[in-house]
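Engineer: no sequence for this one, just the structure:
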């Protein structure tokens with residue numbers, strides 16, 4: 001009887017191993033998921049940001065303007081778009097533009 005009580009609180013080694021393996025697998029899967037999500041965020045930022053000026057890309061701008069206009073259909077809107085041809089042709093122009101856009 002005493003032996004039965006003594007063993008009742010102990011878990012078989014196979015069960016302990018299975019629980020430990022499950023914890024390891026869940027930890028690895030969680031780390032992989034977090035890595036995947038972070039890479040997705042970095043990729044989205046890279047797609048939405050102009051490499052030269054570090055400002056919003058034209059594609060991201062068009063998408064955000066469309067969302068804003070759809071959300072505020074009943075409100076009047078005014079917008080301006082400045083398109084600079086051959087912005088990257090001179091490094092001085094590029095440096096000046098980067099300074100302007102960061103403010």
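Structural biologist: Right, received. Where do you want to start? In this text, all values refer to a predicted model and were calculated from it rather than measured experimentally.
Engineer: residue 28: what secondary structure?
Structural biologist: At residue 28, secondary structure determined by DSSP: H, G, I helix; E, B strand; the rest coil is helix.
Engineer: can you check the pLDDT for it?
Structural biologist: Predicted confidence (pLDDT) for residue 28: 92.
Engineer: so where is this structure shaky, pLDDT-wise?
Structural biologist: 1-9, 86-103 (pLDDT under 70).
Engineer: tell me the centre residue of this structure?
Structural biologist: By CA atoms, centre = their mean, the chain has its centre lying nearest to residue 41, at 1.7 Å.
Engineer: immediately after the strand or helix carrying it, which helix or strand?
Structural biologist: Following DSSP states H and E, one finds residue 41 within helix 13-48. Of the helices and strands lying after helix 13-48 in sequence (DSSP H and E), the nearest is helix 58-71.
Engineer: which strands or helices does that next one pack on?
Structural biologist: helix 13-48 (3 or more CB pairs under 8 Å, 6 or more residues apart in numbering; DSSP states H and E). Where you see a C-beta, it was placed from the backbone N, CA and C, and this is true even at glycine.
Engineer: what's the spacing between the residue nearest to the centre of the chain and residue 84?
Structural biologist: Distance, residue 41 to residue 84, using CB to CB, to the nearest Å: 29 Å.
Engineer: cool, and residue 63?
Structural biologist: Residue 63 is 21 Å from residue 84, by CB to CB.
Engineer: so these two - more neighbours on which side?
Structural biologist: Relative neighbour count places residue 63 above the other of residue 63 and residue 84, with 13 against 10, counting by other CB atoms under 10 Å.
Engineer: ok, how many other residues are close to residue 71?
Structural biologist: Residue 71: 8 surrounding residues under other CB under 10 Å.
Engineer: OK, contacts around residue 17?
Structural biologist: Residues near residue 17 by CB atoms under 8 Å, 6 or more residues apart in numbering: none.
Engineer: and it, how far from residue 10?
Structural biologist: Separation of residue 17 from residue 10 (CB to CB) stands at 14 Å.
Engineer: residue 80 now?
Structural biologist: The spacing between residue 80 and residue 10, counted by CB to CB, is 75 Å.
Engineer: over to residue 50?
Structural biologist: To residue 10, residue 50 is 64 Å away according to CB to CB.
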